[in-house]
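Q: With the input below, show me the fold.
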Amino acid sequence: MTSTSPRIASIGPAQHAFAHQNVEGCESVTSLLAGPRYDVVLLNLPAPLAAQALRELRQHALYRFNLIYCAQAEDPLCEALSDGPVPVDPQQLLAEFQNWKERYSQLDERVLQERAEARLLAWLWLRLPRQVRAVRNPQAAGYYEYPLLAALTGEDRRGSQMVLLQLATQQGYLAEGALIDRLRLCSNCGSGRLNYIDVCPECQSIGIAREPSLHCFVCGHVGPQERFLKDGALLCPNCMTRLRHIGSDYDRPMENYRCRDCRAFFVDAKVQARCLDCGEAHAPDELRVFEVRNYTLTDSGRLHCRQGFGAVASEQLNALGLISVGTFRYLLDWLLQLQVRHDEPLFSLLGLRFVNFAKALESLGEQQATLLVDSLVDRLLEGMRTTDRCTRTNEECLWLLLPYTGEEGLNTVKGRISKLEELFAASGAHEIVLRMAGVTAPGGLLEGESAELLMARLTGELD
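A: Prediction:
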């Protein structure tokens, strides 16, 4: 993938028409894999065949991340694995490929081979704003599957795939999308194939049947209708009252049941959920609730990809205190609690926002933007102590937690950081504006303020 124009292959009975692009035709995925590697693949196949081809290509190391478009109508499986319909304008395809190529050059292929999480994040980053899509599959035990996870991880076990999603979400790299469905799954094997059945509340037998019953208004007795019949008349077996008029002397309850095994008589049956895969029986409230969602790449995930899953800048920041947003808030909450209980220690919190930073990255391009980020990090690290901690909530916002730093020290840090604007002017990113908002404990704190509320207050000042 060294040429400016991408090498394009088409799989299908006929070559997809591109007026000024040289598209090479292949009969099948097998013939494509047998030849030289192409940059872009066009699938001119019906949806079921295109979906099968996509599964094979996404599982193959050579085409795992490549741009693959569908020339015909897509089904949900194609939408989850492809890059969408073939762009009508060849220049659009060329622009998408150039953007893909720039980003791919920043990735560490060694890490991609070793870590399934890195492959997932990289796939999303290379084609923003694509999602990890859930696809309904009646043949799957959970009725939904994530075909992209299965292809990139090589794992057919749904449990392993969900663990990967949960870990990436907890680390802040992925964000949950809108709720698609809510399933109840077997607590034993995780299957969604459940049979809800009424059973006897006494012996749990399924041998129950509705049985006519009567309700005596005089004494309140409820029993089978046959016990009220005596010599052709209705007589309550409990109080021996003769029942003549329905509605005034007695009525018929809507539903009553008799167990054929233990002969128990009851009004409401007990509901059991029996798994059709493992055979376990559960009460409905014991089932595991699973919410089906799509997942998108967060700002932290984009930054993680841009830094190559372990680039120099990331390693330097990790060595000097770059931590996840959740850990940063935990430490800030801990310091706030110490302030409430012991009136110490003294500390400062500083928020930085590089306004229009994301826009500047787009105009500069991925390569130059990465160099700018590295220079920015190097200059920032020069003044950091090993006890300081920092985090990045998105591409524009950086937070510094400075223990034992008062207002004077905070102002010194602000003055040093303000000089970073020189880097923006030197790199041609003139539209970037640096904003700062800080607070020093205990004087700048509000009563009952948590880490989340404090950072939200400063975010308002940064905006």
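Q: I figured residue 259 hits residue 200, correct?
A: Yes - with contact defined as C-beta atoms under 8 Å, residue 259 reaches residue 200; the gap is 4.0 Å. (Each C-beta comes from the backbone N, C-alpha and C, glycine too.)
Q: who touches both of these two?
A: 207-208, 266 (C-beta atoms under 8 Å, 6 or more residues apart in numbering).
Q: The residues you listed, buried ones only, as a PyMOL selection?
A: The buried residues among these can be selected in PyMOL (16 or more other C-beta atoms under 10 Å) with this line:
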select buried, resi 208
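Q: which among the shared contacts of residue 259 and residue 200 gets closest to residue 91?
A: The nearest member of the shared contacts of residue 259 and residue 200 to residue 91, counting by C-beta to C-beta, is residue 208 at 69.9 Å.
Q: which residues touch that closest one?
A: The contact partners of residue 208, taken as C-beta under 8 Å, 6+ apart, are 198-200, 257-260, 269.
Q: And those, which of them are buried?
A: 199-200, 257-259, 269.
Q: okay, those residues in a markdown table with distance to residue 234, secondary structure and pLDDT next?
A: Shown next, in a markdown table, are the buried ones among the contacts of residue 208 (distance: C-beta to C-beta, whole Å; DSSP: H, G, I helix; E, B strand; the rest coil; pLDDT from 0 to 100):
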| residue | distance to residue 234 | secondary structure | pLDDT |
| --- | --- | --- | --- |
| 199 | 31 | strand | 93 |
| 200 | 27 | coil | 93 |
| 257 | 21 | strand | 85 |
| 258 | 19 | strand | 84 |
| 259 | 24 | strand | 90 |
| 269 | 26 | coil | 88 |
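Q: Tell me which two in these are the farthest apart.
A: 199 and 258 (13.2 Å).
Q: And residue 137, its phi and psi?
A: When read as degrees, to the nearest 10, the backbone of residue 137 gives phi -140, psi 100.
Q: That one and residue 144 touch, don't they?
A: Yes - the pair residue 137 / residue 144 is scored as a contact, 6.6 Å apart, by C-beta under 8 Å.
Q: who's more crowded, those two?
A: In terms of neighbours (other C-beta atoms under 10 Å), residue 144 is the more surrounded of residue 137 and residue 144; the figures are 19 against 14.
Q: list the contacts for that one?
A: Residues counted as contacts of residue 144 (C-beta under 8 Å, 6+ apart) are 134-137, 180-181, 183, 292.
Q: And the residue sitting furthest away from the middle of the chain, how far from residue 242?
A: Distance from the centre of the chain peaks at residue 231, with 70.1 Å (C-alpha atoms, centre = their mean). Per C-beta to C-beta, to the nearest Å, residue 231 is found 11 Å from residue 242.
Q: Show me whatever sits in contact with both of these two.
A: Joint contacts of residue 231 and residue 242 (C-beta under 8 Å, 6+ apart) do not exist.
Q: What are the structural domain limits within this protein?
A: 8-180, 194-285, 311-462 (automatic domain parsing).
Q: Please, which helix or strand holds residue 128?
A: Per DSSP states H and E, residue 128 falls between elements, in no helix or strand.
Q: Let me know whether it touches residue 297 as I believe.
A: Yes - Residue 128 is within contact range of residue 297, at 6.7 Å (criterion: C-beta under 8 Å).
Q: Between these two, tell me which one has more neighbours.
A: Per other C-beta under 10 Å, whichever of residue 128 and residue 297 has more neighbours is residue 297, with 25 against 13.
Q: Now stretch 121-134: average pLDDT?
A: Throughout stretch 121-134, pLDDT has a mean value of 92.
Q: whoops, I mixed them up, stretch 36-54
A: Across stretch 36-54, pLDDT averages out at 92.
Q: swap in stretch 434-452?
A: In the prediction, stretch 434-452 has an average pLDDT of 89.
Q: low pLDDT regions in the stretch 251-400 of the chain?
A: 254-255, 310-322, 358, 361-362, 364-375, 377-378, 381-383, 395 (pLDDT under 70).
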